[in-house]
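Q: task: produce atomic coordinates for the following.
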Amino acid sequence: MNRRIIAFLAGQSLTDIGGTFSQVAVFWTALSITGSAISVGSLGGVWTFSMAVMNLISGVIVDRFNRKGMLSLLQSLLGMVSLAMFALATTGALHIWHLWFFLIAEAVLGRPSALASQTLLPDLVDNEKLLRVNGVLHSWGGIDNLVEAALAGVIIKLWGPGPIFLIDAITYFLGAVSPLFIWRLKTRAHELSERWHPLTDLRFTTRYLSKERLLRTYILLNLGDNIVFAPLFFMAPLVAKAVGAGSEGYGFFQSLTIGGLLAGSFLAATIGAHWPKVMMWLGGAALYSISFIVLGFWLSIPIAVGVFFLFGLGWTGGRVYRGTLIQQVLPSVHRGRIMGITSFMSGVLQPVALSLATIFVNRSGVGIVLIAVGALNLAVIFLSAWLLPLREEGWTLSPP
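A: Next up, the predicted model:
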């Protein structure tokens, strides 16, 4: 592979480092300030709703403008926002509304940045290498995140959230520099139109989706999957509090999740490169759904340790195998918009699901919510196995 592409991918993978740190900082700080699970739910709801709206907008933007330039600009702005949070935290002026602002900024700037990176990758890397590259990227980023998630809780306890936002800023600035390595490389299949007509572009993609039954089915199932996934994703601080593990325990649980994701990504990049993508995606989701149900029945630190590792391991199926499959089957001219529409539909209802889950946590406890959400996720998995092709050869689309 071209060395300049490798340098670019290395820089982009660094942006994940600060993201893990800041997640722990934001949600544990909110829980510490308010003492209520609803604060985690409200922050997560604002974040996921903002991301859902931005996914719809971002898809139109990344298909029209230069994706390399977008990455440099947006990641520079994200670095500045993190620096501002660092200044607030170190001066003792950090309040709950600052956390809201930070998460909204992460969505407004981060979603088009992430989507630009995801849609650029298939035009830089050949299809036969794409799964391995995705696996390596998740493994590479996971190595750093594995340590940092565990350290985040300790850093917060010793020095507060300030240093975490500083690390976040540094990684974003490094990511902003990385597109310079591929600036002169011509990407495949991404032709920019002379004039930009966002609504026309969106209608063009909507008409394409109306003809593709497979994509319509996938988007609807993905909607259900994400609604039940959101509460599970935000359970780590609530479980840590329920079992008395504190901020260190929360960071450790996050570290275990990343460790599982790292292990799964490493397998995907090596011996798992030719494993069936659909089966790995659905099987992984079933794995973590069952594990959360078990945790709901036996809520304890030893069980939680295994469950959060299995959560990351199973999540590999969606992040690496499903992600690669969708990247490969979508035509480049529609790729950003279809990913944006899919993420918008999936994310717009996540705040409602998350709010309901945290309300039930306050009323009935973490255990019953884990059991209910895990069971709902299993139902979505069985429905997906019934309605979607289980063989990769069945995922064929008409040309745009």
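Q: which residue ranges of the stretch 51-200 of the chain form helices?
A: Along the stretch 51-200 of the chain, counting by DSSP state H, counting those that start in this stretch, helices occupy 67-90, 96-124, 127-159, 162-177, 198-211.
Q: residue nearest the centroid of the chain?
A: Geometric centre of the chain, nearest residue: Arg319, 7.9 Å, by CA atoms, centre = their mean.
Q: of all the helices of the stretch 51-200 of the chain, which one is nearest Ala285?
A: Among the helices of the stretch 51-200 of the chain, the nearest to Ala285 by CB to CB is helix 127-159 (16.2 Å). Placement of C-beta: from N, CA and C, glycine included.
Q: show me the shaky parts of the stretch 151-300 of the chain.
A: 152-153, 185-197 (pLDDT under 70).
Q: spit out the contact partners of Asn226.
A: Counting by CB atoms under 8 Å, 6 or more residues apart in numbering, Asn226 touches Ser346, Gly347, Leu349, Gln350.
Q: about what we covered before: can you lay out the helices of the stretch 51-200 of the chain as JSON lines showing distance to Ser265 and mean neighbour count?
A: What follows is these, written out as JSON lines (distance: least, CB to CB, whole Å; neighbours: other CB atoms under 10 Å):
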{"stretch": "helix 67-90", "distance to Ser265": "22", "mean neighbour count": "20"}
{"stretch": "helix 96-124", "distance to Ser265": "15", "mean neighbour count": "21"}
{"stretch": "helix 127-159", "distance to Ser265": "3", "mean neighbour count": "20"}
{"stretch": "helix 162-177", "distance to Ser265": "19", "mean neighbour count": "22"}
{"stretch": "helix 198-211", "distance to Ser265": "30", "mean neighbour count": "14"}
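Q: could you dump the ones you listed to CSV with distance to Val228?
A: Compiled in CSV, the helices of the stretch 51-200 of the chain are given as follows (distance: least, CB to CB, whole Å):
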stretch, distance to Val228
helix 67-90, 29
helix 96-124, 21
helix 127-159, 22
helix 162-177, 29
helix 198-211, 23
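Q: can you say which of those is nearest to Leu330?
A: Evaluated with CB to CB, the helices of the stretch 51-200 of the chain place helix 96-124 nearest to Leu330, the distance being 8.2 Å.
Q: tilt between the closest one and helix 162-177?
A: 30 degrees (axes from the mean of the first three to the mean of the last three CA atoms, to 10 degrees).
Q: what about helix 96-124, average pLDDT?
A: In this model, helix 96-124 has a mean pLDDT of 84.
Q: give the other helices and strands that that helix contacts.
A: helix 3-34, helix 37-64, helix 67-90, helix 127-159, helix 323-329, helix 332-347 (3 or more CB pairs under 8 Å, 6 or more residues apart in numbering; DSSP states H and E).
Q: elements contacting the second one?
A: Judged by 3+ CB pairs under 8 Å, 6+ apart, helix 37-64 is in contact with helix 3-34, helix 96-124, helix 198-211, helix 213-233, helix 235-242, helix 332-347, helix 350-364.
Q: between those helices, which gets nearest to Trp298?
A: Closest approach to Trp298 among the helices and strands packed on helix 37-64 (CB to CB): helix 235-242, 12.1 Å.
Q: so which elements touch that closest one?
A: Packing partners of helix 235-242 (3+ CB pairs under 8 Å, 6+ apart): helix 3-34, helix 37-64, helix 246-269, helix 366-387.
Q: one step back: turn the helices and strands packed on helix 37-64 into a markdown table, columns for distance to Phe253.
A: What follows is those, written out as a markdown table (distance: least, CB to CB, whole Å):
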| stretch | distance to Phe253 |
| --- | --- |
| helix 3-34 | 10 |
| helix 96-124 | 20 |
| helix 198-211 | 38 |
| helix 213-233 | 12 |
| helix 235-242 | 4 |
| helix 332-347 | 23 |
| helix 350-364 | 16 |
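Q: can I get the helices and strands packed on helix 96-124 in CSV including distance to Asn362?
A: Shown next, in CSV, are those (distance: least, CB to CB, whole Å):
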stretch, distance to Asn362
helix 3-34, 12
helix 37-64, 5
helix 67-90, 27
helix 127-159, 23
helix 323-329, 34
helix 332-347, 24
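Q: one step back: of the helices and strands packed on helix 37-64, which is nearest Arg184?
A: Among the helices and strands packed on helix 37-64, the nearest to Arg184 by CB to CB is helix 3-34 (8.5 Å).
Q: ok now that closest one, how far from the chain's centre?
A: In terms of CA atoms, centre = their mean, to the nearest Å, the gap separating the centre of helix 3-34 from the centre of its chain is 11 Å.
Q: so what does it touch, helix or strand wise?
A: On a contact count with 3+ CB pairs under 8 Å, 6+ apart, helix 3-34 meets helix 37-64, helix 67-90, helix 96-124, helix 127-159, helix 162-177, helix 235-242, helix 246-269.
Q: can you tell me which of these comes nearest to Arg203?
A: Smallest distance to Arg203 across those (CB to CB): 10.6 Å, for helix 37-64.
Q: could you check the angle helix 350-364 makes with the closest one?
A: Going by the same axes, to 10 degrees, helix 37-64 is angled at 170 degrees with respect to helix 350-364.
Q: numbering from 44 from now on, please.
A: In the new numbering, first residue 44, that becomes helix 80-107.
Q: report the distance from helix 80-107 to the chain centre.
A: Distance, stretch centre to chain centre, for helix 80-107: 11 Å (CA atoms, centre = their mean).
Q: what's the answer for stretch 290-303, then?
A: Centroid displacement of stretch 290-303 relative to its chain, using CA atoms, centre = their mean, is 16 Å.
Q: may I have that stretch as CSV, with CA atoms only?
A: Taking Å, rounded to 0.1, in the frame of the first residue of the first chain, the C-alpha atoms of stretch 290-303 are listed here in CSV:
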residue,chain,number,x,y,z
SER,A,290,-14.9,6.5,38.2
GLU,A,291,-12.0,4.1,38.2
GLY,A,292,-14.4,1.2,37.6
TYR,A,293,-16.1,3.1,34.8
GLY,A,294,-12.8,3.7,33.1
PHE,A,295,-11.9,0.1,33.5
PHE,A,296,-15.2,-1.1,32.0
GLN,A,297,-14.6,1.2,29.0
SER,A,298,-11.1,-0.2,28.7
LEU,A,299,-12.5,-3.8,28.7
THR,A,300,-14.9,-2.8,25.9
ILE,A,301,-12.1,-1.4,23.9
GLY,A,302,-10.0,-4.5,24.6
GLY,A,303,-12.7,-6.7,23.3
